[in-house]
Structures are given as structure tokens and as C-alpha cells.
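A.B. asks: I'll drop the sequence and a predicted model, then ask my questions.
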Amino acid sequence: MTDTPSSESASPEILPPPGAEKIRCDACPVLCYIADGRTGACDRYANRHGELVRLDPLTIIKAGTDKLVPFLPEGAGGPDDWDGDVLGNGRTFVTAIGAGTTYPDYKPAPFIISQPLGGVDMVTVVTEGIFSYCGAKVKIDTDRHIGPERAFVRVAGEPIGHVTTGEYGSKMLSLGGVEHLTGGTKKEGRVTCEALLSLCNREPVEMSVDDGAELVITAGQAPIVNGVTEARMRVGCGSATIGMFAMQWHGLVDEVVVVDDHITGVLSEHQSGRLLGMEPSGIRIKGRRSTPGRYFQVADPGTDWGGTNVTDPLSILGPFDPRRARPGMTLLMVSTTGEQWAYFVLDEGLVPQPAPLPGPLHAVVERIAENCEPAVASVLFMGGAGGSLRAGVTQNPIALTRSVRDALTRVTCGGAPAYLWPGGGITFMVDVMDMPTNAFGSVPTPALVAPIEFTMSAADYAALGGHVDEVRDMADVIREAEAKGLRTVPNGTSRSASKRGKAA
Ligand code: SF4
């Protein structure tokens with residue numbers, strides 16, 4: 001939320017030495033005094049010959065080009081029907097990156113821009129929000145155990161968040177938020193802010209989980225767990241894997257066990273094996289049987305087979321039932337990524353003996369691997385347009401909330417579409433990979449600075465009590481920005497697609 005931080009968490013005012021010619025930056029509560037030629041505490045603002053300037057270039061988005069764009073795209077204001085795409089096809093979109101802030105928003109947002117779109121006059125309110133309560137949700141594609149749920153995640157020894165749920169082959173972290181940014185010690189707040197800033201700007205962050213793993217997380221790249229770069233996201237749980245490949249195993253092997261920390265699957269007992277007419281193999285699995293062919297808790301969580309601590313797959317098997325098993329019976333054991341596999345033939349005593357994996361079965365194991373997606377760490381920035389930020393948009397802040405709720409106003413972050421949470425307020429999440437690089441900054445209060453744009457029709461903007469006297473033409477804004485430096489980036493889709501890797 002863009003709210004005033006507590007006085008305890010804010011850095012003291014940075015005061016000028018007596019007699020110095022300095023100007024005061026009012027873009028955040030730190031209120032730095034900045035000497036000519038110097039920058040403020042956050043390195044975002046500087047004093048250039050007595051003028052307060054925002055140092056990062058204003059960033060605009062244009063589909064399919066990385067060149068400077070014309071002031072107005074061809075056909076702007078033409079008959080193209082608007083399909084609901086805020087950016088528009090090939091349309092120039094001014095993001096809030098480099099726009100500056102007016103925190104607290106006692107005055108209108110830095111840029112309130114008009115632009116025709118599909119014959120409709122649109123307004124985009126552009127501002128860099130200061131987010132004292134923000135956080136990041138991190139999804140780590142790995143089977144490996146990274147630590148118990150609720151364990152602290154630390155950077156430089158400071159708690160910056162915690163492990164939450166494991167879901168669908170990924171581990172989830174909840175980082176930042178008000179408790180760590182403003183609710184702990186000064187150092188905790190500073191370290192949390194720095195970690196969030198790096199994560200959101202796609203830089204690597206080393207973190208450790210209490211009683212868990214050492215992690216290196218970079219948005220859009222493979223996670224590193226205990227020094228090992230993760231390659232594959234598992235194809236599914238053990239039961240799902242059985243279902244996916246049952247027909248391909250059928251006739252090649254008498255039994256398949258897919259070892260998995262969550263649900264270990266057994267082909268002959270599984271519904272898919274039964275539908276294929278498979279006979280019970282007499283196998284016995286150590287673990288809690290859920291439904292036929294699906295076992296929970298076959299081992300403890302770990303970093304080996306299927307996210308368990310199993311290094312010898314036979315350790316999860318009990319003795320075969322002699323009423324059903326027979327010498328010569330074949331058994332494939334495999335993990336959910338296909339990274340680990342072993343093949344056995346039962347001897348006269350019904351004890352599995354290792355044997356070379358036949359070629360056709362090897363092909364199916366390789367198909368598991370082929371079906372794994374690349375393991376990626378995903379970072380979603382989570383913020384809220386609460387507090388005074390809305391006052392930079394309208395004199396009646398609740399009207400903006402209602403307009404967003406009524407889908408009359410679209411919220412974007414650096415041009416990337418934001419997911420809005422249901423319920424009160426304007427609480428949103430955005431994939432940092434959909435945003436231009438280096439979209440985030442920070443101030444020492446501590447808080448993250450993130451771009452946020454509100455786009456709506458001019459009529460709706462007037463209706464919600466917007467600062468209509470501050471609306472400026474797109475061409476004017478870009479012309480002015482060009483003189484100070486302008487960055488053009490391609491449309492968001494290509495940005496995120498280009499960062500996704502391939503499973504090894
Ligand atoms: S920390 Fe940055 S934004 Fe805040 S007052 Fe200082 S220069 Fe301005």
C-alpha cells in the first residue's frame with residue numbers, strides 16, 4: 001500500500017550543511033536536500049543547476065520496435081476499434097517508469113496524458129508509487145525440499161518473508177510485506193527492501209530458508225537450490241505421471257512405480273493400469289495408501305528422487321506378496337522428472353535385482369523428461385494503490401477504486417497488465433517479467449518505488465473527479481521527455497517470452 005511509513009521506519013531527514021545551496025526533493029518522505037550536481041539518497045533525483053530532475057528516462061512502450069517512436073502513431077484517432085488492449089496494437093504507451101512521484105499525493109500525478117484510441121479519448125494517469133507495504137510472491141519450480149512451510153526466508157541473516165505452500169510441483173515464497181518492511185528492525189526493513197528491489201529488477205538474490213535450503217533466485221531464470229541449478233519442472237505428481245504414460249508402459253514392463261514426495265503412483269493398482277487389464281504385481285509400498293495406486297508419505301521430503309530423501313528407490317518397497325509376484329517379473333522405478341530411474345527383475349526369492357533398462361522403456365523415461373517444462377523462478381510484485389496514491393489521480397479517491405472495480409479503469413504496472421485481487425482496495429499483482437527491465441527503484445524509508453498507470457476514457461476520468469486541468473497531450477509529454485532522455489521498449493509479451501528457457 002502506498003501509505004506513509006511509520007516514523008520509526010523512516011530515515012531521518014537529510015539536512016543541508018549551513019550555507020549550502022541545496023534544493024529539497026519532495027518526492028518521498030525522506031525530503032532530501034540535494035546540492036547542485038548531486039543526487040538524493042535514492043539516486044533517483046538530482047539537482048541539476050538548481051532544478052530537481054528525475055534521472056531515469058521516461059519509458060514508453062511500443063509494440064515490435066526498440067527504436068524511438070514518432071510522437072503519435074499512424075492512424076491514431078482513426079477508425080480502429082478498441083479491443084480492450086490498453087497498450088493497443090503498435091500504440092505508444094507512456095509508462096510510469098522514470099515519471100517520478102508526488103508522494104504523498106497532495107498534488108496531481110506527474111503525468112496525466114490524453115491519447116485518442118479507436119475514436120475514444122483516453123486518459124492515462126502515470127505515477128511512480130511508493131510502496132511501503134508491498135511484497136513479492138515467488139514461485140520456484142522444483143521438486144526439491146526447500147524448507148518447512150512457515151519457515152523464515154532470510155537474506156544476510158534478516159527475515160524477509162517465509163515459505164508458504166507447495167503447489168503443483170512448485171514451492172512458494174511470500175516475501176516482504178508490512179511486517180518485514182516496517183514492522184521489524186531498521187536493518188530488517190532495509191535488507192527486505194533491497195532484496196525485493198533486486199528480485200523485481202530481475203537480479204539474483206541469495207537467500208536461505210531456516211532448516212532448509214540455500215537458494216539463489218532470479219526472476220525468469222532457473223532456481224538454484226543448494227548450489228544445484230534446477231533444470232526440469234516435474235511432469236506431474238506420481239499418480240498423474242502414471243496416468244500420462246500408462247499406455248506407453250503397457251506390455252513393456254510388469255510394474256511401474258513413480259516415486260514422488262506428494263503422491264507416489266503404482267501402475268498395476270492405479271485406475272489406468274486396471275483399465276489396461278494389468279494384473280496385481282504383489283508389490284508393497286511403504287507409505288499411506290490414499291486410493292488404489294496412490295500413496296502418500298513414502299519418504300521424508302528431500303532433494304533426491306521426486307523431491308524425497310530417497311537415494312535407493314527399493315527402500316520404499318516392502319517384500320513382494322508371494323501369492324501374486326513371480327520370479328522374472330520386471331519393475332521400473334522412475335521419478336517425476338525422469339532424472340532418476342532404475343530397472344529391476346525379481347529373482348527366485350522375489351527380490352528385485354538391478355538390470356539394464358530395455359531400449360523401449362528408456363524411450364518412455366526420456367519422454368517424461370521431454371514433457372517437463374523448464375524450471376523457472378517467477379516473481380510477482382504485489383502492491384496496493386491505497387493511501388494517498390489515488391489522490392494523485394482524483395480529488396475523490398474512492399471514485400478511482402470504484403472505477404477500477406467497475407472495470408472502467410485499467411491498472412497497469414510499467415505497461416504490464418495487473419491482476420486485481422477481489423475484495424476491498426486496489427490490491428494487485430504483476431509478473432515482473434512482463435515489465436521493462438529496471439522498472440523498480442527504492443527510497444530509504446524503506447519502500448519500493450514501482451510504476452503504476454491508470455487508463456480510462458476521458459469521460460470516465462472527468463466523472464470520477466479527475467484532475468482534468470492537468471491533462472496533457474501525448475505528443476507534448478514525449479517531446480518534453482525526449483529532451484531529457486527517453487527509453488523505448490517493445491511490448492510486454494515479447495519481453496517475457498524471450499526470458500523463458502528450455503528444460504535440459
Ligand atoms: S530519497 Fe529520493 S525520492 Fe526521497 S527525497 Fe531523497 S531524492 Fe527524493
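C.D. replies: In hand now; what should we look at? Numbering: from 1, shown residues only.

A.B. asks: list the buried residues in stretch 378-398.
C.D. replies: Of the residues in stretch 378-398, those scored as buried under the neighbour-count criterion (16 or more other C-beta atoms under 10 Å) are 378-394, 397. (Each C-beta comes from the backbone N, C-alpha and C, glycine too.)

A.B. asks: from those, which ones fall inside strands?
C.D. replies: Among these, the members falling in strands (DSSP state E) are Ser378, Val379, Leu380, Phe381, Met382, Gly383, Gly384.

A.B. asks: pick out whichever of those residues sits closest to the ligand.
C.D. replies: Relative to the ligand, the closest of these is Gly383; by C-beta to the nearest ligand atom it sits at 17.1 Å.

A.B. asks: what's near enough to touch the residue of the stretch 201-350 of the chain found nearest the ligand?
C.D. replies: For the stretch 201-350 of the chain, the residue closest to the ligand is Asn201, as judged by C-beta to the nearest ligand atom, at 16.6 Å. For Asn201, the contacting residues are Val432, Thr437, Asn438, Ala439, Phe440, taking C-beta atoms under 8 Å, 6 or more residues apart in numbering as the criterion.

A.B. asks: rerun that using 10 Å as the cut-off
C.D. replies: Ala219, Val379, Val432, Met435, Thr437, Asn438, Ala439, Phe440, Gly441, Ser442 (C-beta atoms under 10 Å, 6 or more residues apart in numbering).

A.B. asks: how about the closest residue to the ligand within the stretch 151-300 of the chain, secondary structure?
C.D. replies: Of the stretch 151-300 of the chain, the residue with the smallest distance to the ligand, taken as C-beta to the nearest ligand atom, is Cys193 at 12.0 Å. State at Cys193, reduced to three classes by DSSP: H, G, I helix; E, B strand; the rest coil: helix.

A.B. asks: my guess is it meets Leu448, correct?
C.D. replies: Yes: the pair Cys193 / Leu448 is scored as a contact, 6.4 Å apart, by C-beta atoms under 10 Å.

A.B. asks: check contacts around the residue of the stretch 51-200 of the chain found nearest the ligand.
C.D. replies: Closest residue of the stretch 51-200 of the chain to the ligand, C-beta to the nearest ligand atom: Thr101 (6.8 Å). Under the criterion of C-beta under 10 Å, 6+ apart, the neighbours of Thr101 are 2, 25-28, 44-45, 54, 109-110, 127-130, 389, 392, 441, 443, 449, 451.

A.B. asks: same thing but 7 Å
C.D. replies: Ala27, Cys28, Thr127, Glu128, Ile130, Val449 (C-beta atoms under 7 Å, 6 or more residues apart in numbering).

A.B. asks: now, the residues you listed that are in strands?
C.D. replies: Checked against DSSP E, these include these in strands: Thr127, Glu128, Ile130, Val449.

A.B. asks: just to revisit the earlier point, gap between the residue of the stretch 51-200 of the chain closest to the ligand and Asp26?
C.D. replies: For Thr101, the distance to Asp26 (C-beta to C-beta, to the nearest Å) stands at 9 Å.

A.B. asks: before we move on, back to that, can I get the ones in strands among the buried residues of stretch 378-398 in CSV including distance to Gly338 and pLDDT?
C.D. replies: CSV is the format used below for these (distance: C-beta to C-beta, whole Å; pLDDT from 0 to 100):
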residue, distance to Gly338, pLDDT
Ser378, 23, 98
Val379, 27, 98
Leu380, 29, 98
Phe381, 34, 98
Met382, 34, 98
Gly383, 39, 97
Gly384, 42, 95
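
A.B. asks: who touches both of Cys193 and Leu448?
C.D. replies: Common neighbours of Cys193 and Leu448, counting by C-beta under 7 Å, 6+ apart, are Ser442.

A.B. asks: up against the ligand, what does this structure have?
C.D. replies: Counting by C-beta under 6 Å from any ligand atom, the positions of the chain adjacent to the ligand are 25, 27-28, 30-32, 40-42, 44-45, 443-444.

A.B. asks: out of the ones in strands among the buried residues of stretch 378-398, which is nearest to Ala156?
C.D. replies: Distance to Ala156 across those (C-beta to C-beta) is lowest for Val379, with 18.8 Å.

A.B. asks: what about the nearest residue to that closest one once chain neighbours are set aside, neighbour count?
C.D. replies: Sequence neighbours aside, Ala219 is the residue nearest to Val379 in space, at 3.9 Å (criterion: C-beta to C-beta, 6 or more residues apart in numbering). For Ala219, the count of nearby residues is 26 (other C-beta atoms under 10 Å).

A.B. asks: sorry, back to before: want to throw the contacts of Thr101 into JSON lines with pLDDT, neighbour count and distance to Met474?
C.D. replies: As requested, those are exported to JSON lines (pLDDT from 0 to 100; neighbours: other C-beta atoms under 10 Å; distance: C-beta to C-beta, whole Å):
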{"residue": "Ala27", "pLDDT": "90", "neighbour count": "22", "distance to Met474": "23"}
{"residue": "Cys28", "pLDDT": "90", "neighbour count": "28", "distance to Met474": "27"}
{"residue": "Thr127", "pLDDT": "95", "neighbour count": "26", "distance to Met474": "16"}
{"residue": "Glu128", "pLDDT": "95", "neighbour count": "31", "distance to Met474": "19"}
{"residue": "Ile130", "pLDDT": "94", "neighbour count": "31", "distance to Met474": "25"}
{"residue": "Val449", "pLDDT": "96", "neighbour count": "26", "distance to Met474": "24"}
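
A.B. asks: now for these: which two are most distant?
C.D. replies: Cys28 and Thr127 (12.5 Å).

A.B. asks: which residues touch Gly359?
C.D. replies: When the contact criterion is C-beta under 7 Å, 6+ apart, Gly359 has no partners at all.

A.B. asks: related to what we said a few turns ago, most neighbours, which of the contacts of Asn201?
C.D. replies: So for the contacts of Asn201 (other C-beta under 10 Å), the most neighbours sit at Met435, 30 neighbours.

A.B. asks: residue ranges in this structure under the pLDDT threshold?
C.D. replies: Scanning the chain for pLDDT under 70 picks out 1-20, 63-90, 492-504.

A.B. asks: so out of everything in it, what residue is nearest the ligand?
C.D. replies: Gly40 (2.0 Å).

A.B. asks: that residue and Val443: what is the separation?
C.D. replies: Distance from Gly40 to Val443, by C-beta to C-beta: 9 Å.

A.B. asks: those two: who's more crowded?
C.D. replies: Between Gly40 and Val443, counting by other C-beta under 10 Å, Val443 is the more crowded of the two (29 against 24).

A.B. asks: from what I see, the more buried one and Val30 are in contact.
C.D. replies: Yes: counting by C-beta atoms under 7 Å, a contact exists between Val443 and Val30, whose distance comes to 6.0 Å.

A.B. asks: and the closest residue to Pro57 other than its chain neighbours, how far from Asn491?
C.D. replies: Excluding its sequence neighbours, the residue lying closest to Pro57 (C-beta to C-beta, 6+ apart) is Gly485, at 3.8 Å. Gly485 sits 21 Å away from Asn491, taking C-beta to C-beta as the criterion.

A.B. asks: comparing those two, which shows the higher neighbour count?
C.D. replies: Asn491 (20 against 13).

A.B. asks: mind listing the strands for the stretch 401-504 of the chain?
C.D. replies: Using DSSP state E, counting those that start in this stretch, the strands of the stretch 401-504 of the chain run over 410-413, 416-417, 419-420, 427-431, 441-443, 447-457, 471-473, 486-489.

A.B. asks: and Gly273, what element?
C.D. replies: Here Gly273 is covered by helix 271-275, with elements defined by DSSP states H and E.

A.B. asks: what's the answer for Pro360, then?
C.D. replies: With secondary structure defined by DSSP H and E, Pro360 is part of helix 359-370.

A.B. asks: what do you get for Asp211?
C.D. replies: When secondary structure is defined by DSSP H and E, Asp211 falls outside every helix and strand.

A.B. asks: show me what contacts the residue nearest the centre of the chain?
C.D. replies: Centroid check for the chain by C-alpha atoms, centre = their mean gives Val379 as the closest residue, at 2.1 Å. Contacts here follow C-beta under 7 Å, 6+ apart; on that basis Val379 touches Ala136, Val138, Leu199, Cys200, Ala219, Val432.
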